[in-house]
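1. Got a predicted structure here, sequence first:
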Amino acid sequence: MSFDGVFTRAMVSELNRELENGRIGKVHQPFQHEIILTVRANRKNKRVLLSAHPSYARLQVIEDSLSNPDSAPNFCMVLRKKLEGAIIEEIRQLGNDRIVIFSFRNFDELGDQQQLELIVELMGRHSNIFLIDKASRIIIDCLKHVPFYQNSFRPLHPGVAYQLPPHQDRSDLFALEPAEIEKLVAQFDPEVPLRNALQQTFQGLGSDSAQEIAHYAADDGLAPAAAIQLFKERVASVSPTLTNESERKQHFTPFPYTSLPGDKQAFATLSQLLDAYYAEKATRDRIHQVASDLLQIVSTELKKNQLKLQKLDQTLLETEKADVFRIKGELLTAYLHQFEKGQQEVVLNNFYDDEKPVAISLNPSLTPSQNAQKYFSKYQKLTTAVNHVNEQIRQTHAENEYLETIETQIQLSDPQDLEEIKDELSESGYLKRKQSLKNKKKKTSKPHRFRSADGTSILVGKNNLQNDQLTLKTAKKTDIWLHAKNIPGSHVIIESNNPSEETVFEAANIAAYYSKFQNSANVPVDYVAVKQIRKPNGAKPGFVIYEGQKTVYVTPDKDLIKALKAD
């Protein structure tokens with residue numbers, strides 16, 4: 001189900017109960033489309049999520065705290081200035097539409113009372129959040145600005161009057177009396193399916209809600225008007241429900257929709273229901289939001305290195321001529337008596353190639369000996385270049401391995417862990433950070449912790465700096481280290497010197513899961529005692545070498561990983 005007008009109605013009722021007369025404590029904008037209001041109400045602090053995400057727009061109370069950016073976006077700063085300390089006077093829905101209005105009372109810098117409204121429009125990709133002056137209806141600021149040249153009918157930016165979205169001539173079924181509903185239903189075209197007629201007539205009915213009413217009429221034998229009345233009664237008695245139609249298809253509804261097939265799971269509140277529905281989807285998208293810039297940086301560096309390798313390979317091809325210059329120098333040295341200064345060319349028998357004649361260009365201003373030395377110099381220069389180019393190729397491949405590891409870690413990270421990867425990229429010179437942020441005290445996260453079936457502790461590094469710390473400083477020399485073989489991924493430590501085969505298999509599964517080959521089968525994973533691990537001087541974070549390893553092949557099992565998670 002979408003967050004339609006019916007669900008919005010139920011959520012507004014729940015928020016009013018939880019946040020009545022609440023005071024705004026803090027305002028945060030952890031992600032591009034999301035605002036968090038910390039509200040003190042009923043002697044408790046509540047975090048209220050206002051999301052204008054194009055796919056996951058919603059309102060709800062959330063339990064988890066979210067990490068915030070180093071510097072707050074402009075819209076967040078405006079909300080802090082205007083709303084911190086404000087009292088919530090009312091939360092209301094506009095008709096049965098997906099528009100929710102928070103009314104606030106606050107005081108400005110001069111002590112004069114202000115009446116403000118925070119308007120949340122849950123309109124898919126057009127979702128937006130507005131702060132307006134209640135009296136003048138002027139927009140103070142909004143999350144997404146739309147200038148006049150983009151939309152002359154409804155410009156959205158500070159200083160213009162707030163206008164409602166384009167109005168659709170549909171009725172609010174919750175504001176109608178039964179007789180009024182009967183009158184509207186009587187006008188339905190019998191050729192149009194009831195579900196479609198309901199959506200064309202009544203405001204805010206999503207497809208699932210319309211289908212539920214049609215289901216009452218078809219399966220329960222109710223007249224359409226009676227089916228609508230029954231639906232209204234059930235909406236009034238909220239019973240938050242998650243319907244699992246299939247492994248990949250779920251529906252959230254304010255009460256159990258009998259028209260939806262699948263197992264039904266009840267929740268205490270609508271907010272808890274949304275947590276269950278959106279948990280993985282929203283987290284994945286938040287990671288994408290935070291990680292997109294980092295992935296772009298890594299992708300750009302990998303592309304630069306790819307071009308660099310192509311140029312180095314071309315240079316290497318050119319250096320293959322080095323032996324030609326050496327041979328010509330040796331031939332000139334061997335036949336110094338056969339040519340003299342002033343010649344531009346000499347033809348000599350090549351004793352390296354069956355005495356075949358070879359023409360050698362000469363500098364007429366040089367002596368025979370000097371011409372020979374010139375060829376030896378070219379040979380020496382190219383030989384030196386070969387060594388330099390080979391070293392550059394080696395270093396570039398090593399850097400690519402490091403960047404691919406970073407890329408994998410970004411894709412596997414939680415939003416909170418990405419800050420440490422950002423720090424690592426900064427320390428490695430790939431990302432410039434503001435001076436004030438460099439001096440900011442860093443919060444260091446702990447490695448992922450798992451527990452094998454027999455209770456053995458397994459640790460996993462979340463980034464390369466943590467991989468180094470975990471393997472080279474935290475782990476005991478007798479612990480077992482694992483890593484996907486020749487594949488970018490995390491360091492894994494079994495905190496045991498003699499783990500069972502089952503524990504090794506489970507740890508290998510974890511190592512494969514936290515690697516670039518997370519979605520592959522038969523992933524090779526090396527394991528060896530930590531004492532066999534060594535970090536070369538000058539190596540990138542996370543890079544180590546080892547010997548004496550054994551290899552096990554596993555197919556990453558996401559359900560197993562979840563079952564073993566200990567933190």
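-> That came through fine. Numbers count the residues shown, from 1 in each chain.
2. how about low-confidence regions in the stretch 251-400 of the chain?
-> In the predicted model of the stretch 251-400 of the chain, residues 286 satisfy pLDDT under 70.
3. per-residue confidence averaged over the strand or helix carrying Leu49?
-> Leu49 is part of strand 44-51, with elements assigned from DSSP states H and E. Strand 44-51 shows a mean pLDDT of 95.
4. Direction included, what does the very next helix or strand once past that strand pair against?
-> Counting by DSSP H and E, the element after strand 44-51 in chain order, helix or strand, is strand 58-62. In the sheet, strand 58-62 lines up against strand 44-51 (antiparallel) (DSSP bridges).
5. in the strand it pairs with, what counts as buried?
-> By 16 or more other C-beta atoms under 10 Å, the buried positions in strand 44-51 come out as Lys46, Arg47, Val48, Leu49, Leu50, Ser51. (C-beta placed from N, C-alpha, C; glycine too.)
6. now swap in stretch 221-237 and tell me
-> For stretch 221-237, a neighbour-count test (16+ other C-beta under 10 Å) marks Leu222, Pro224, Ala225, Ala226, Ala227, Ile228, Gln229, Leu230, Phe231, Lys232, Arg234, Val235 as buried.
7. which one of these is nearest Ser67?
-> Proximity of these to Ser67 (C-beta to C-beta) peaks at Val235, which lies at 36.3 Å.
8. That closest one and Val6 touch, don't they?
-> Yes - using C-beta atoms under 8 Å, Val235 makes contact with Val6 at a distance of 6.0 Å.
9. Now for these two: what residues contact both?
-> Jointly contacting Val235 and Val6 under the rule C-beta atoms under 8 Å, 6 or more residues apart in numbering are Pro254.
10. What about Glu407? Give its phi and psi, please.
-> The phi/psi pair for Glu407 (degrees, to the nearest 10) reads phi -60, psi -50.
11. tell me, how many neighbours does it end up with?
-> 19 (other C-beta atoms under 10 Å).
12. contacting residues for it?
-> Applying C-beta under 8 Å, 6+ apart to Glu407 gives the contacts Leu295, Val298, Ser299, Leu302, Pro488, Lys516.
13. rerun that using 10 Å as the cut-off
-> Listed by C-beta atoms under 10 Å, 6 or more residues apart in numbering, the contact partners of Glu407 are Ala291, Leu294, Leu295, Val298, Ser299, Glu301, Leu302, Pro488, Lys516.
14. From those residues, keep the buried residues only.
-> Ala291, Leu294, Val298, Glu301, Pro488, Lys516.
15. Closest one to Gln32 out of those, please.
-> Nearest to Gln32, judged by C-beta to C-beta, of those is Ala291 at 12.4 Å.
16. The closest one should be in a helix, yeah?
-> Yes - under DSSP: H, G, I helix; E, B strand; the rest coil, Ala291 sits within a helix.
17. Surely it and Leu425 touch.
-> No - between Ala291 and Leu425 no contact is recorded; they are 11.6 Å apart, counting by C-beta atoms under 10 Å.
18. Mind listing the shared neighbours of these two?
-> Val298, Ile410.
19. Please pull up the helix or strand immediately following the helix or strand of the chain with the lowest mean pLDDT.
-> Least confident helix or strand, the chain: helix 435-438 with a mean of 48, by mean pLDDT, DSSP states H and E. Scanning forward in sequence from helix 435-438 by DSSP H and E, the next helix or strand is strand 448-451.
20. Going by contacts, tell me the helices and strands next to that following strand.
-> strand 457-460, strand 492-494, helix 501-513, helix 558-564 (3 or more C-beta pairs under 10 Å, 6 or more residues apart in numbering; DSSP states H and E).
21. Kindly recompute the last result at 7 Å.
-> Using 3 or more C-beta pairs under 7 Å, 6 or more residues apart in numbering; DSSP states H and E, the elements in contact with strand 448-451 are strand 457-460.
22. What are the buried residues along the strand it packs on?
-> Buried residues in strand 457-460, counting neighbours by 16+ other C-beta under 10 Å, are found at Ile458, Leu459, Val460.
23. Between those residues, which sits nearest Gln163?
-> Checking the buried residues of strand 457-460 against Gln163 with C-beta to C-beta, the nearest one is Val460 at 51.8 Å.
24. and the closest one, what are its bridge partners?
-> Going by DSSP bridges, Val460 forms beta bridges with His448, Val492.
25. Can you read off the pLDDT for it?
-> Listed pLDDT for Val460 reads 96.
26. Hmm, Tyr513 and it touching each other?
-> No - with contacts counted by C-beta atoms under 7 Å, Val460 stays clear of Tyr513, the gap being 9.0 Å.
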